[in-house]
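**Student:** Return a 3D structure for these sequence lines:
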Amino acid sequence: MVPLSEIMASFYHALKLDLSMTAYILVIPLFSYIYWLLNGRKVVELKWLTIYNKILIILFSIISVVNFNIYREWGSKINAKAVGFAISTPNEALASSASSPIGLTLSLLVLLIVIGFILQRWVVLRKLSFKASPIWLRGIAVIILVFLNFLLIRGGLGGSPINQSMAYFSKEQVLNHAAVNTEWNLLSSALAARMTKNNPYNYLSKQAADANIKELYTPAKDTTINILTTKRPNVVLVIIESFTADLTKTLGNEDGITPNFDTLIHKGVLLVIFIPLVAELTKDW
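**Tutor:** Sure, this is the predicted structure:
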């Protein structure tokens, strides 16, 4: 059983990503506030902010319940790959979610939206008042606010910007996943997917690839490479469902997520170019 102290620690380790996502949400309200501050208005009505909050509450509640079901089925948080799979192959996505508890999902969705609406009614201001102040003081306030918001988005002044691995702290993978902000993870994976415009697995020109394939089907002799030290080995084949290469340090990704798997790679044989025949599987590599 996981100790209660370690469960509570997941809330602490989640703070950086939670604050980063909060800073992303605050970008539009922050620049609106800066405009009003420099504009010299003394009173500003914030009706639009209520609408903005309600849209985010509904959107984030939907993402949360979808993430709940995806994690229950696949053991991973919602990301751009899962959304892309649902858009490109909706029938398969619907079939994979057939076992999801519909009643619990809808009840949780309604509960999250209701709680969100109640909190925003109590917490969010309806009107913003400004006191008279010199322009230089307002300018300094703007610089500080923008810098602090950027700092929260980036995750501090460290050498590298914030990423999912900063929330990882436990040997229990479910606690590490719990510490990763769901919406931040989805936003990060979507931005990363947009940055990858071309197929990253095109290592050869089409002519060279065709030549290699032709050579594979017309071997001149037995070219089998013997990697074993015994003629009668005991072979254990392990197939891990939905395990993606972007979690593995050895393949150039995040450190500390799959230490045991990396150890197996260094002690065994690693196939660095593995292309499945099914298009949906290719997305996982």
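**Student:** do you know how far the residue nearest the centre of the chain is from residue 195?
**Tutor:** For the chain, the residue sitting closest to the mean C-alpha position, by CA atoms, centre = their mean, is residue 185 at 2.1 Å. To residue 195, residue 185 is 16 Å away according to CB to CB, to the nearest Å. All C-beta atoms are positioned from the backbone trio N, CA, C, and that covers glycine.
**Student:** Over to residue 108?
**Tutor:** 33 Å.
**Student:** Which one of these two is surrounded by more residues?
**Tutor:** Neighbours were counted for residue 108 and for residue 195 using other CB atoms under 10 Å; residue 108 has more, 16 against 7.
**Student:** Excluding covalently adjacent residues, which one is nearest to that one?
**Tutor:** Closest residue to residue 108 apart from its sequence neighbours, by CB to CB, 6 or more residues apart in numbering: residue 65 at 5.3 Å.
**Student:** Does that neighbour touch residue 110 like I think?
**Tutor:** No: Residue 65 lies out of contact with residue 110 (CB atoms under 8 Å); the separation is 9.7 Å.
**Student:** neighbour-wise, which of those two wins?
**Tutor:** Set side by side, residue 65 and residue 110 show more neighbours around residue 65, with 20 against 12, by other CB under 10 Å.
**Student:** so residue 17 sits in a strand?
**Tutor:** No: counting by DSSP: H, G, I helix; E, B strand; the rest coil, one finds residue 17 to be helix, located in no strand.
**Student:** any idea how far residue 188 is from it?
**Tutor:** From residue 17 over to residue 188 the distance is 9 Å, taken as CB to CB.
**Student:** Find residues that contact each of the two.
**Tutor:** residue 164 (CB atoms under 8 Å, 6 or more residues apart in numbering).
**Student:** Tell me which of these two has more neighbours.
**Tutor:** Between residue 17 and residue 188, counted using other CB under 10 Å, residue 17 has the larger neighbour count: 23 against 20.
**Student:** what about the nearest residue to that one once chain neighbours are set aside, how many neighbours?
**Tutor:** Leaving aside its sequence neighbours, residue 17 sits nearest to residue 181 (CB to CB, 6+ apart; 4.0 Å). With neighbours defined by other CB under 10 Å, the count for residue 181 comes to 21.
**Student:** Next one: residue 181 from residue 194, what distance?
**Tutor:** Applying CB to CB to residue 181 and residue 194 gives a distance of 19 Å.
**Student:** And residue 157, by the same measure?
**Tutor:** Going from residue 157 to residue 194 by CB to CB gives 27 Å.
**Student:** same question, residue 49
**Tutor:** Residue 49 sits 28 Å away from residue 194 when distances are taken as CB to CB.
**Student:** By mean pLDDT, flag the weakest helix or strand of the chain.
**Tutor:** Counting by mean pLDDT, DSSP states H and E, the weakest-scoring helix or strand in the chain turns out to be helix 279-282, with a mean of 49.
**Student:** in stretch 233-252, what counts as buried?
**Tutor:** Going by neighbour count (16 or more other CB atoms under 10 Å), the buried part of stretch 233-252 is 248-249.
**Student:** Pass me the low-pLDDT residue ranges in the stretch 51-200 of the chain, would you?
**Tutor:** 96-99 (pLDDT under 70).
**Student:** Strands of that one, residue ranges please.
**Tutor:** Under the criterion DSSP state E, counting those that start in this stretch, the stretch 51-200 of the chain contains strands at 127-129.
**Student:** where along it do the helices fall?
**Tutor:** Ranges of helices within the stretch 51-200 of the chain are 80-88, 90-96, 102-123, 135-154, 173-179, 182-195, based on DSSP state H, counting those that start in this stretch.
**Student:** Residue 225: which of these is closest?
**Tutor:** Across these, residue 225 has its closest neighbour in helix 80-88 (32.8 Å, CB to CB).
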